[in-house]
Structures are given as C-alpha cells and as structure tokens.
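K.L.:
Give me a 3D structure for the following:
(one chain, ligands or ions: 2)
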Amino acid sequence: MPSRISDALKDHPVHLPHNILDLGSVKELPDSYAWNAPPLPCDRTVLDLSVPVIDLGHPGASTLIGHACKEWGVFQMTNHGVPRDLLTEVERAGRDLFSLPLQQKMRVARKPDGVSDYGVTRISSFFPKLMWSEGFTVIGSPLEHARLLWPHDRAAGFCDVIGRYNDEMRRLAGKLMWLMLGALGIRHHSEDDVTWAGPNGDFPGASAALQMNSYPACPDPDQAMGLAAHTDSTLLTILLQNDTAGLQVMKGDGSGWATVPPVDGALVVNVGDLLQMLTNGTYPSIVHRVFVTRNAHRHSIAYLYGPPSGVKIAPLPALTGPGHPALFWPVTWSEYLGMKAKHFDKALTSVRLPPPRVSDMESLTPDVNIETKS
Ligand SMILES: O=C(O)CCC(=O)C(=O)O
Ligand SMILES: [Fe+2]
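P.N.:
Numbering: from 1, shown residues only. Ligands and ions are numbered 1, 2, ... in the order given. Have a look, this model is predicted:
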C-alpha cells in the first residue's frame, strides 16, 4: 500500500507525451494542438449563470456552501483568511517559474514515471490533441527542484512562499470540509464523524499536491484547449486564478458551461470525485475545463486535497439508510487514482454500487467526447 500520494501516482503511471513546446514563442498553432474535430474548444455554449460567491464570514456560510455544492459542485469564496500578500506572492512565484526559458524548466522535467515537477497535464494521455498549457506539480518540499532552477537564495524564497501557501491551504481545506459536511448535519465529535478527522478535526493525515498551471496567450484560441474537460480526483480543490478568465464549469444538469470569472482576492472551491463518494452523491464532482485567449497569459494554482492514502473513502453512514443505499463501494485515494488512470471520466461509474456487470465494463472505456455535453 503506497503511503504517500506521490507513491500512489507513481503506481498508476499514465503515458504522457514528452516533447514539450515553448508555447510562448509559437506564432502559428501546430496541428498537434489544433482541436479541429469534436470536441471543439470553441464550442462554448456559455450559460448566463454565475457560480455563487460566498463570504466565509457570513453567519449562514455553511448553509450557502451546502446549497452551492448541491446545485453546482463549485463556488467562489471571499473573506477566507488567506493573507492578500500571500496570494500575490504565490501568484508571482508561479509567474516567475513559468517565465524561465524552456531549457531551464526542462532541468526539472517530469521523469517518465514521475509525478512532481514540470510537464504537461496528466490528463493529456486521454486526448488525441495536446493542450495549450504547462504545469509544475509540487508534492512535499520543492527545494531539490527549485535549486536546479535558481541560485540558492531565490530557490529558498520560492520554497518559503510555497510552504506558507500550503500551510494556509491545509488549514482552509480542513475548515471547508466541516462547512461542507456541516451543511449535511455531519459534526465533529458526533457519532456521524469522519473517522480520520483527528482529535482536533483538522484532518492531520490528509494528503495534498499543489498544481501550478500556465496558459500562455495563444495564436488561435478557438482551435486550442487550455485544459480539457475533467473532474478532479480529490475531496476538494482550492484554486487561485489570476485576472484572466478561462475556467468553465459544466452546470450539473449538463445544460451548458458557465465561466467562473476572476473575482479579486477570491478563491474557487470545487467538489472532487472523493467528496461525491463521501457524501453519497449529494455533492456532485464538477466537470470543468479551461479555454485560452489570444492576448493574455493565464496562471492558476490548484491545491488538490485528499484523504490519508490508506483510508477507505465510502459514503458516510449518516447519509445512507433505508431508501438511501450506499452508491459507492469503499476505495482508498490510491485505488481510485488507479481507476482514474484506467477509466478516466468513467472512474466514478466504475466504483458505483451495485458494481457494473462484466458486460458493462466495455462501456467504461474513457469517453473523451465529454465535451459534446454542452
Ligand atoms: O486553471 C484552472 O482554472 C483549472 C486547473 C485545473 O482544473 C486543475 O489543475 O485540475
Ligand atoms: Fe481540475
């Protein structure tokens, strides 16, 4: 049993392209990046609907969050307590990293069986075309890699910012868990409690990764895809986006995409697959994607939060009962990542109860046309 998320990801390698292009210097969209067959990124059936923006200091925040999670699986939050300066610093750290020359970034390129570091998104392996983005994944301390990018003091400065941001995210993610679960009547120290919440309810064994994303300005944005539609394999994800729009979420009823506009100082929270399981389907894991633009360089930083790797995630007993059977069988994060690596957007279906019949398994082949839902 892998003890850390990095081991879990290593156990489930996905085949990724290793030729990385210097996107910032490309004047014409290469064919390998042109999504000229369905799903088309320019197919933007954008709904005139807004994802809720919730003030965490509001006395009814938990109820508002509960509604947003049921209805959307995503919301933006203000008044979250993360110092404004730290948001600016971590955003700058991401910008500094991605603005390095490609050869320099390639010093920390992800190894074929690796998970941390610089490279294309892991979901690339499921799509025939490449995405107009680059990423840097941090699991644990990035010091060893930062030292390959910068002189000692700059590397230390980068790690200091990432460390402080990770600490804030961990605190916030624990708080969000209780706001989300509290809206469903689940309380710490009650018999409905989450077994791995720890004595202080701060989920001491939780695992996490920080995913820094860069979407350079693109010569042909209608043909390019920043990040193709997917759900996160997390409990929840906390996202910081810069002032360039790009994130779109699929409205739960499949009626279309809604853009999540940057709100100054706000953080986006989305429900991941594991929270959908834990809440027995009450909070849906949200399908999302990223579009790119001709003139602006977009940056985002996603904090991917999950349970301790050995813990089995199953619907909370308080949310099941007569008339409400458990809809998912118990899996660890590691086991689920293995299913995601195999079935991609069908991974949640593969852990549904009753189990899919053998004859249904063929329909669990990843369906990369999930874009056509719009
Ligand atoms: O850049 C964004 O807005 C979304 C990033 C994302 O979905 C991810 O890293 O999983
Ligand atoms: Fe995502």
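K.L.:
Okay, strands next: where are they in the stretch 251-374 of the chain?
P.N.:
257-259, 267-271, 288-290, 298-306 (DSSP state E, counting those that start in this stretch).
K.L.:
From the centroid of the protein, which residue is nearest?
P.N.:
residue 232 (4.5 Å; Cα atoms, centre = their mean).
K.L.:
doesn't residue 287 make contact with it?
P.N.:
No. Judged on Cβ atoms under 8 Å, residue 232 makes no contact with residue 287 at a distance of 10.0 Å. Heads up, the C-betas are built off the backbone N, CA and C, glycines and all.
K.L.:
picking that back up, the residue nearest to the centre of the chain - that's part of a strand, no?
P.N.:
No. With DSSP: H, G, I helix; E, B strand; the rest coil as the criterion, residue 232 is located in coil rather than a strand.
K.L.:
Now do the contacts for it.
P.N.:
Shown in contact with residue 232 (Cβ atoms under 8 Å, 6 or more residues apart in numbering): 270, 272-273, 285, 302, 304.
K.L.:
Which residues of the stretch 201-350 of the chain lie near ligand 1?
P.N.:
Within reach of ligand 1 by Cβ under 6 Å from any ligand atom, the stretch 201-350 of the chain has these residues: 211, 213, 227, 232, 239, 241, 246-247, 288, 290, 300, 302.
K.L.:
re the thing from before, residue 202: which of the contacts of residue 232 is nearest?
P.N.:
The closest of those to residue 202 turns out to be residue 304 (Cβ to Cβ; 17.9 Å).
K.L.:
For the closest one, grab the count of nearby residues.
P.N.:
Residue 304: 23 surrounding residues under other Cβ atoms under 10 Å.
K.L.:
What are the boundaries of the helices in the protein?
P.N.:
5-11, 61-71, 84-98, 102-105, 143-149, 152-182, 273-278, 333-343, 347-350 (DSSP state H).
K.L.:
and those helices, which is most packed in?
P.N.:
Stretch with highest mean neighbour count among the helices of the chain: helix 273-278 (a mean of 25; mean count of other Cβ atoms under 10 Å).
K.L.:
one step back: mean pLDDT lowest for which of the helices of the chain?
P.N.:
With a mean of 67, helix 5-11 has the lowest mean pLDDT of these.
K.L.:
just how off-centre is stretch 170-185 within its chain?
P.N.:
17 Å (Cα atoms, centre = their mean, to the nearest Å).
K.L.:
Touching that stretch from outside, list them.
P.N.:
Contacts of stretch 170-185 (Cβ under 8 Å, 6+ apart): 56, 61-63, 65-67, 69, 80-82, 187-188, 192, 194, 197, 201-203, 206, 208, 235-236, 238, 267, 269, 271, 275, 279, 282-283, 303, 305, 316, 318-319.
K.L.:
Can you select the buried ones from these in ChimeraX?
P.N.:
Buried members of the contacts of stretch 170-185, defined by 16 or more other Cβ atoms under 10 Å, are picked up in ChimeraX with:
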select :56,61,62,65,66,69,80,82,188,194,197,201,202,203,206,208,235,236,238,267,269,271,275,279,282,283,303,305,316,318,319
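K.L.:
Contact partners for the nearest residue to residue 271 once chain neighbours are set aside?
P.N.:
Leaving aside its sequence neighbours, residue 271 sits nearest to residue 73 (Cβ to Cβ, 6 or more residues apart in numbering; 4.2 Å). Counting by Cβ under 8 Å, 6+ apart, residue 73 touches 249, 252, 270-271, 276, 283-286.
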